[in-house]
Structure formats: C-alpha cells, structure tokens
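*Asks:* Below is the structure, and that's it, no one-letter string:
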C-alpha cells in the first residue's frame, strides 16, 4: 500500500477479520507502547486512532491530522472526549457488541461464587476428593434469587434477559435514567437495591456520580450472604471498604473484573481471599466479541475516511469544528 494512504494507529492488534477489512483502505500500525508519550508521538501522523488503552489529552494537541478516535468497545473513559472535541476530532464507539459476552461472564462468576468453585477445585487438587466434596453442603443455586442490576444499558439489559429466561432469577434494577429500565423490571434506588438483592451486579459507566457508588455504608446494607459482581470500572467500588467487608465475611463474596489499579498489584489483599473470583478485565473478551468489536471499529474508520460521520457519533457538538478542519469531509 502507498505510504500516502491514510494511517490508522491502533493501541492493540486487531482481530484478523478486522485487519483484513481495513487492508486496502488504510495503513494499520500498532502502538509500540501504551505510555502517554509514546501514544502521543506515534499518533502525530495518524488520521484515526483505534482505542483500547487510555489516551492522553496531549495526543489531540499534537496529532494535527487526526480525524477520529474510535473506541474498540463501548466505554468512553479511555478517551478524553473534551480534549478531542476541542481539537475538532470525532469520537465514536461500538456499543452493544460484547453485551452478551459480558452478561454470560456475570452469570458464570455468580455460579462460581455460589458453588464455591475456587475452594472446591483447590481442595480437590491439593487435599483429595472428600475435601473438595465437603464444600457441597454450603453451596447455593441461582434459581429464585434476586439479582439487582446497576446500569441498564446493553449489558444490563442482557444480564436481565439471561437471568430471568435462563435461570429464573427475580430482577430489580437501577439506572441513572429510570426510563431505561423496562416496565417488566422493578426500579429501585441504590440503597434499596443493595439491601434487597442476593446478587448485586455493577454494569454502569464510571462517572462523577458513580465513583465510589458502593462504599462502606452500602456494603453494610447488603445481605450477609449476598455477592457483588463488578464488570463496570474499578472505582465504582470503594476498594478498601470492599476488602474489609470480604475479610470480615460481611458479605458472601465478590467477583471482580476491574480494579482501581490495573494490572492488579501482586501483593494486593484481594489475591489472598477465598471468597473472591478475580479476572483480568476480560469479561467482554472472547474470540467472537473481539471479531465483532474489531469489525465495528474498522467500519467506523472506513466511514470517516470516506467523508462520512460515524454511525455511533459520541461528540456531535464537534461537527462544526471538524468541518472547518476537513472541509471536504
């Protein structure tokens, strides 16, 4: 491909199907490192950035040819949207494509906690058949429990659908927009939801309102055997308060896919707890979902390179500034 063809910088490698779709329309390069200075420097010649790692605001000051930042997924917390808008750069995402993936993970880890899978597997391997089997009398079923879902976007609604149709759970929900909660699902304020639920699932975006949403006071309102699942963002939970609650067995357990600090430090107290299932921010990642997210991101890239606006246009206020930068777009 000609060196004059548009350059697309991706923070991470793309699924082969997505890379193949982009081939012929643009040159693809993968960031050599994910620190702020490297990303800002390597984006200087790019027309589009595909985002799976936090971008520094300085990138938008330096990347004078940049047309768009396209999120490889849904959450926009990795893109400083205000800085992009000020620079006249379009922001797009690919919502909903991994909703099923994350929802399946939620039910998987809920069952792992209720069936004490970590302890059963460990003791069976280390202490023998009877030691593993001894945990069985303390395990529980999903059926008939109440699951409280915080955030009723694509993921929250998919969790609710699988929970009710597949497992016979009673669903209650909270959302920053109560109208997003289907009429068939009872709405609850946060304090009521955490007190009533056997399983609390966090699917909400990280905002000023949701930062520290689950704190020591709300953990104290939870049932003693209730479990907490976080597939949102780490800071939605007061992590120190959660560690204390788990150490004291104030709640039944937690399944965490996201953390205040990522990667999780090797000496983090969560790693020493049996009543926790930990995963490395992978709830939304499968071979299938990576193909869907990659193809969705590339399709948005191709639209922008063709002079169109993204389908999933996240900062529409930028359009006048963008048009002044790229009059032919």
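*Replies:* Here it is on my side, so go on. Note that this is a predicted model, so its numbers are computed, not measured.
*Asks:* what kind of secondary structure is residue 173 in?
*Replies:* Here residue 173 takes the strand state, with states given by DSSP: H, G, I helix; E, B strand; the rest coil.
*Asks:* That one: how many residues sit nearby?
*Replies:* Number of residues near residue 173 (other Cβ atoms under 10 Å) recorded here: 25. All C-beta atoms are positioned from the backbone trio N, CA, C, and that covers glycine.
*Asks:* How much space separates it from residue 252?
*Replies:* 21 Å (Cβ to Cβ, to the nearest Å).
*Asks:* now do residue 133
*Replies:* Residue 133 sits 21 Å away from residue 252, going by Cβ to Cβ.
*Asks:* and those two? which has more neighbours close in?
*Replies:* Ranked by neighbour count (other Cβ under 10 Å), residue 133 and residue 252 place residue 252 first, with 19 against 12.
*Asks:* so the more buried one touches residue 113, yeah?
*Replies:* Yes - at 7.1 Å, residue 252 counts as touching residue 113 under the criterion of Cβ atoms under 8 Å.
*Asks:* residues shared between the contacts of those two?
*Replies:* Shared contacts of residue 252 and residue 113, defined by Cβ atoms under 8 Å, 6 or more residues apart in numbering, are found at 227, 275.
*Asks:* which stretches of the stretch 1-150 of the chain form helices?
*Replies:* Counting by DSSP state H, counting those that start in this stretch, one finds helices in the stretch 1-150 of the chain at the ranges 16-22, 36-42, 58-62, 81-86, 99-114, 117-127, 129-133.
*Asks:* and the most centrally placed residue in the chain, what is it in contact with?
*Replies:* Note on the chain: the residue nearest the mean C-alpha position is residue 232, at 5.1 Å, using Cα atoms, centre = their mean. Contacts for residue 232 (Cβ under 8 Å, 6+ apart) come out as 150-151, 202-206, 210, 258.
*Asks:* quick one, which of the helices of the stretch 1-150 of the chain is packed in tightest?
*Replies:* Ranked by mean neighbour count, the helices of the stretch 1-150 of the chain are led by helix 99-114 with a mean of 21 (mean count of other Cβ atoms under 10 Å).
*Asks:* what angle do that helix and helix 117-127 make?
*Replies:* Computed by axes from the mean of the first three to the mean of the last three Cα atoms, to 10 degrees, the angle separating helix 99-114 from helix 117-127 equals 50 degrees.
*Asks:* which helices and strands does helix 99-114 pack with?
*Replies:* The helices and strands touching helix 99-114, judged by 3 or more Cβ pairs under 8 Å, 6 or more residues apart in numbering; DSSP states H and E, are helix 154-167, strand 227-230, strand 253-256, strand 276-278, helix 287-305.
*Asks:* Could you say which of the contacts of residue 232 is surrounded by the most neighbours?
*Replies:* residue 203 (27 neighbours).
*Asks:* What residues does that one make contact with?
*Replies:* Contacts here follow Cβ under 8 Å, 6+ apart; on that basis residue 203 touches 102, 106, 149-153, 155-156, 159, 231-232.
*Asks:* rerun at 10 Å
*Replies:* The contact partners of residue 203, by Cβ atoms under 10 Å, 6 or more residues apart in numbering, come to 99, 102-103, 106, 149-160, 173, 175, 229-232, 236.
*Asks:* go on, residue 223?
*Replies:* Per Cβ under 10 Å, 6+ apart, neighbours of residue 223: 146, 194-200, 251-252.
*Asks:* can you check residue 106 too?
*Replies:* Shown in contact with residue 106 (Cβ under 10 Å, 6+ apart): 147, 149, 155-156, 158-159, 162-163, 199, 201-203, 229-231, 255, 257, 283.
*Asks:* what pLDDT does the residue nearest to it when sequence neighbours are not counted get?
*Replies:* Of all residues not flanking residue 106 in the chain, residue 159 sits nearest, at 5.2 Å (Cβ to Cβ, 6 or more residues apart in numbering). At residue 159, the model reports a pLDDT of 98.
*Asks:* Residue 2 too?
*Replies:* At residue 2, pLDDT is 54.
*Asks:* please begin residue numbering at 28 from this point
*Replies:* In the new count, where the first residue is 28, that last one comes out as residue 29.
*Asks:* would you list every one of the helices in the stretch 228-356 of the chain?
*Replies:* Under DSSP H, counting those that start in this stretch, the stretch 228-356 of the chain gives helices at 243-248, 266-274, 314-332, 346-352.
*Asks:* just the contacts of residue 259 now: which is nearest residue 118?
*Replies:* residue 232 (14.5 Å; Cβ to Cβ).
*Asks:* which of the residues in stretch 219-229 are buried?
*Replies:* Residues of stretch 219-229 classed as buried: 220-229 (neighbour count, 16 or more other Cβ atoms under 10 Å).
*Asks:* Please convert these to JSON lines, extending it with pLDDT, distance to residue 243 and secondary structure.
*Replies:* Below are the buried residues of stretch 219-229 laid out as JSON lines (pLDDT from 0 to 100; distance: Cβ to Cβ, whole Å; DSSP: H, G, I helix; E, B strand; the rest coil):
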{"residue": "220", "pLDDT": "98", "distance to residue 243": "17", "secondary structure": "helix"}
{"residue": "221", "pLDDT": "98", "distance to residue 243": "12", "secondary structure": "helix"}
{"residue": "222", "pLDDT": "98", "distance to residue 243": "15", "secondary structure": "helix"}
{"residue": "223", "pLDDT": "98", "distance to residue 243": "19", "secondary structure": "helix"}
{"residue": "224", "pLDDT": "98", "distance to residue 243": "17", "secondary structure": "coil"}
{"residue": "225", "pLDDT": "98", "distance to residue 243": "20", "secondary structure": "coil"}
{"residue": "226", "pLDDT": "98", "distance to residue 243": "20", "secondary structure": "strand"}
{"residue": "227", "pLDDT": "99", "distance to residue 243": "15", "secondary structure": "strand"}
{"residue": "228", "pLDDT": "98", "distance to residue 243": "20", "secondary structure": "strand"}
{"residue": "229", "pLDDT": "98", "distance to residue 243": "16", "secondary structure": "strand"}
